[in-house]
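Trainee: generate a structure from the sequence data that follows.
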Amino acid sequence: MIIDDQNPDFNPNVPTLKQVRERLGMTQEQFADALGLSRNTINRYERGIHQRIALSVGQIKRLVELMKQAGLSIEDLPDDIE
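Mentor: Have a look, this model is predicted:
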């Protein structure tokens, strides 16, 4: 999700995956590896080319772990991850 403050649905209090990744101090490649995705997928998502990312149960569990490390809850993420 790209931050779009022109979008009436944009909520600056909801972290994007990019903000989670940055909070963890990870590169796109490190974050992608941790989630079992390609760096290109993360890159396209952060640039807004992909509007949604579909994650497996294992990837969701890993994302929950990463979110905890970042001091965030999975409920803090936007709804554009399925």
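
Trainee: what average pLDDT does the longest helix seen in the chain get?
Mentor: The single longest helix within the chain, with elements called by DSSP state H, is helix 57-69. Averaged across helix 57-69, pLDDT comes to 92.

Trainee: list the helices and strands that helix packs on?
Mentor: In terms of contacts (3 or more C-beta pairs under 8 Å, 6 or more residues apart in numbering; DSSP states H and E), helix 57-69 is packed against helix 28-35. Placement of C-beta: from N, CA and C, glycine included.

Trainee: and the gap between the closest residue to Leu17 other than its chain neighbours and Ala70?
Mentor: Counting by C-beta to C-beta, 6 or more residues apart in numbering, Leu17 lies nearest to Tyr45, which is 6.5 Å off, once chain neighbours are set aside. Using C-beta to C-beta, to the nearest Å, Tyr45 is found at 17 Å from Ala70.

Trainee: over to Asn40: give its phi and psi.
Mentor: Main-chain dihedrals, Asn40, degrees, to the nearest 10: phi -60, psi -40.

Trainee: do Ile53 as well
Mentor: According to degrees, to the nearest 10, Ile53 has phi -120, psi 130.
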